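**Q** Sharing a model prediction with you, sequence too.
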Amino acid sequence: MKPAAFDYERPNDLAAALELLSCEEDTRILAGGQSLVPMMNARLARPKRLVDINRLPDLDYIRDEGTHVAIGALARHRDVKSSRLVRDHLPVIPAAYEWVAHAAVRNRGTLCGNLCHADPASEMPALMLLLGAEMVLTQASGTRIVAASDFFLGLYETAAGPGEMLTEVRIPKPARDTGWGFEEVGMRKADFAWATCAATMRLDGGRIAAPAAAVAGVGDRATRLAELEAAIEGQAPSDSLFADVAREVAVSLDPPSSVGVDAQYRRDLVGTLLPRALAAAARRAEEAKQ
Amino acid sequence: MKKTAINLTVNGRSRDAVVPPRMLLSDLIRHELALPGTHVGCEHGVCGACNVLVDGKAVRSCLMFAVQADGCEITTVEGFSAGGLDLVQTAFWEEHGLQCGFCTPGMLASAHELLAENPDPTDDEIREAIAGNLCRCTGYEYIIAAIRSAARKMRDAETAAKRQPA
C-alpha cells in the first residue's frame, strides 16, 4: 500500500499552479488528498506528477457574496460543516455533512476536491445539483463557469479539463422560507452511501413551489430529479403524493449492485427515503411560514 | 524522483529529513524519525491507527505525504506527555481503554483533538469523535469511558489550577 513514484510541485501562487497544470499530461491536483492518496496507495491512481495547492494563498475561504455563498478550493470539509454562514443560508449542507467521512478526514479533505473526485456515492455532488451551484473552473488562459448540472458527467468524471482547476464553488442562497430534507442509508455514517435523497421546496398558498430533489449512490453519478420536480410543483404536499412520485423515480433508476446491497434494495431505499426527504422539506417550509 | 529537504517540529523537537515525494508521513514518522508509536493499519485512511496531530488537528498520517508536512508541528503518541503518562493515557489505563494497544495511538490523537475543543463532551460526541478509529479487541465502551474520565480529570485539573493563588 505505497504509492508509485511521482514528481511533486508545490507552487506558491495560482498562476504558477495553473502553468504547471497546463504543460504536462497526467498531472493531478493534490488538495486535501483524502480520496486521491488512498487511490494512489492502492495504485488505482498513478499520476506522473502532483501539484500540491495547499500553500496557495487566498483559496481557503467561505464568503458571503450577497446572492450566493462562495467556497474556495482550499476550504476544508471541517470548516464548511461548522460555518455559521453555511448553516444560516444552506442548512441542508451541515445536515448532510453528518454523513460525510470522519473528523480526521474532514480536517484535511476539501469540498472542491470532493466535487472533482465525483464519487457517485458522495453526498456533496448531489447537494450541489440540488442547490443549483456553479463551478468556477480556472486555467492559465482564463475562467469559465459551469453549472453543477453540466459538471458531473459520470463515474469519477467531471467537466473539468486537464489544465483546469475548480477554484471556487458558488452556491445560491435559497429563499428564506425554503424547507429541506436529507435522508441516507449506508453501512455506517461516513461509508459510501447505499442511497442518498435530498429535497428542498417552498410552499406558496399551501402548494409546492420551486421544488428540487436529487439522489446519489444509485447510479454512475448524482442526479437531479427533474421529472419528479415537475410532477409535484403546484400540488399540495401529502404522503401519498410523495410516495407515488418516489415510486416512479425508484423504478426508473439503474443502481449498481454490490455484495449485500443489490440494485433492488437500493431502489427500495429510494422509495422509502425520498418521500421522507420530501415530507421533511414540506414540513420545514411550513414551519418557515410561521 | 527528486528528493526534498524538509524541516518539521515533532513532539516539540525540530527535525530535518530528506524525503522522496511518495514517502507517506506515517513512514517518515516510523522509519526515518524512529517513532514507532504511530501504528499503521490499513494505509488507505479507514482504520485511524495512524492518526497524529498536525498543527493540533487529528490527521491520517497515511493520507499525507511527508513532504507536505514541511514546516508543520506534529504530535505523535510519544509526545503527549513530557514523561510518564498524561491524563488521557492515565484514563485509558484506569478504565481498561486498551487491550492489544494497536488502535490506541490513533484513539489518543482523536481524543486529544476532541478534548481540546470540547472539555465536556457527551457520550454521543465522544462516539462521533472516535467513529473514524477502528478497534478490534478492546470494545469501544471502555474507550468511551476512558475519554469521559479523561475529560473529567482535565476539567478538575483546570479548576484546581484556577484555585491556586497567583
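**A** Now that the structure is in, tell me what you want to look at. Computed from a predicted structure; not experimentally measured. Residues are numbered from 1 along each chain as shown, chains lettered A, B, ... in the order given.
**Q** Helices of the chain, start to end?
**A** Just so you know, I chose chain A. A:14-23, A:36-41, A:77-82, A:84-89, A:92-97, A:103-108, A:111-117, A:123-131, A:148-151, A:226-232, A:239-252, A:263-289 (DSSP state H).
**Q** wrong chain, I was asking about chain B
**A** Using DSSP H, helices in chain B cover B:25-27, B:87-94, B:104-117, B:123-129, B:140-163.
**Q** just how off-centre is the shortest one within its chain?
**A** For helix B:25-27, the distance from its own C-alpha centre to the chain's C-alpha centre is 14 Å (C-alpha atoms, centre = their mean, to the nearest Å).
**Q** re the thing from before, how about CSV for the helices of chain A, with mean pLDDT and mean neighbour count added?
**A** In this view, the C-beta of every residue, glycine as well, is placed from N, C-alpha and C. Shown next, in CSV, are the helices of chain A (pLDDT from 0 to 100; neighbours: other C-beta atoms under 10 Å in any protein chain shown):
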stretch, mean pLDDT, mean neighbour count
helix A:14-23, 94, 18
helix A:36-41, 97, 22
helix A:77-82, 98, 20
helix A:84-89, 98, 15
helix A:92-97, 98, 22
helix A:103-108, 98, 26
helix A:111-117, 98, 25
helix A:123-131, 98, 27
helix A:148-151, 98, 18
helix A:226-232, 98, 17
helix A:239-252, 97, 17
helix A:263-289, 97, 20
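**Q** Output those in a markdown table, with distance to chain B appended to each entry.
**A** As requested, the helices of chain A are exported to a markdown table (distance: least, C-beta to the nearest C-beta, whole Å):
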| stretch | distance to chain B |
| --- | --- |
| helix A:14-23 | 14 |
| helix A:36-41 | 4 |
| helix A:77-82 | 8 |
| helix A:84-89 | 16 |
| helix A:92-97 | 12 |
| helix A:103-108 | 4 |
| helix A:111-117 | 12 |
| helix A:123-131 | 16 |
| helix A:148-151 | 25 |
| helix A:226-232 | 33 |
| helix A:239-252 | 30 |
| helix A:263-289 | 21 |
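**Q** Just give the nearest non-adjacent residue to the closest residue to chain B within chain A, would you?
**A** Residue nearest to chain B within chain A: residue A:102 (2.6 Å; C-beta to the nearest C-beta). Leaving aside its sequence neighbours, residue A:102 sits nearest to residue B:132 (C-beta to C-beta, 6 or more residues apart in numbering or on different chains; 2.6 Å).
**Q** which intervals of chain B have sub-threshold pLDDT?
**A** Residue ranges of chain B with pLDDT under 70: B:1, B:166.
**Q** Using the record's domain definitions, break it down for me.
**A** B:4-79, B:87-163 (automatic domain parsing).
**Q** returning to what we had before: closest one to residue B:41 among the helices of chain B?
**A** helix B:104-117 (8.1 Å; C-beta to C-beta).
**Q** Dump the closest one to CSV, restricted to CA.
**A** Written as CSV, here are the backbone C-alpha positions of helix B:104-117 (Å, rounded to 0.1, in the frame of the first residue of the first chain):
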residue,chain,number,x,y,z
THR,B,104,-4.6,3.3,21.0
PRO,B,105,-2.1,5.9,19.5
GLY,B,106,-4.8,6.9,16.9
MET,B,107,-7.5,6.8,19.6
LEU,B,108,-5.4,9.1,21.8
ALA,B,109,-4.9,11.6,18.9
SER,B,110,-8.6,11.7,18.2
ALA,B,111,-9.3,12.1,22.0
HIS,B,112,-6.8,14.9,22.3
GLU,B,113,-8.4,16.8,19.5
LEU,B,114,-11.9,16.3,20.9
LEU,B,115,-10.9,17.4,24.4
ALA,B,116,-9.0,20.4,23.3
GLU,B,117,-12.2,21.7,21.6
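**Q** And it, what's buried?
**A** B:104, B:105, B:106, B:107, B:108, B:109, B:110, B:111, B:112, B:113, B:114, B:115 (16 or more other C-beta atoms under 10 Å in any protein chain shown).
**Q** Out of the residues you listed, flag the one nearest to residue B:140.
**A** residue B:107 (9.5 Å).
**Q** any chance of the helices of chain A in TSV, with distance to residue B:86 too?
**A** Shown next, in TSV, are the helices of chain A (distance: least, C-beta to C-beta, whole Å):
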stretch	distance to residue B:86
helix A:14-23	41
helix A:36-41	30
helix A:77-82	24
helix A:84-89	33
helix A:92-97	31
helix A:103-108	20
helix A:111-117	34
helix A:123-131	36
helix A:148-151	46
helix A:226-232	54
helix A:239-252	52
helix A:263-289	44
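**Q** Right, and chain A sits closest to which residue of chain B?
**A** For chain B, C-beta to the nearest C-beta, closest residue to chain A: residue B:132, 2.6 Å.
**Q** For the closest residue to residue A:136 other than its chain neighbours, give me its contacts.
**A** Once flanking residues are discounted, residue A:136 sits nearest to residue A:168: 4.1 Å by C-beta to C-beta, 6+ apart. Applying C-beta atoms under 8 Å, 6 or more residues apart in numbering or on different chains to residue A:168 gives the contacts A:70, A:71, A:72, A:73, A:112, A:135, A:136.
**Q** sorry, back to before: which members of the buried residues of helix B:104-117 additionally contact chain A?
**A** Filtering the buried residues of helix B:104-117 for proximity to chain A by C-beta under 8 Å from any C-beta of the partner chain leaves B:109, B:110, B:113.
**Q** Looks like the last one contacts residue B:53 (just checking).
**A** Pointing back at residue B:113 there. Yes - the criterion here is C-beta atoms under 8 Å, and residue B:113 meets it with residue B:53 at 6.6 Å.
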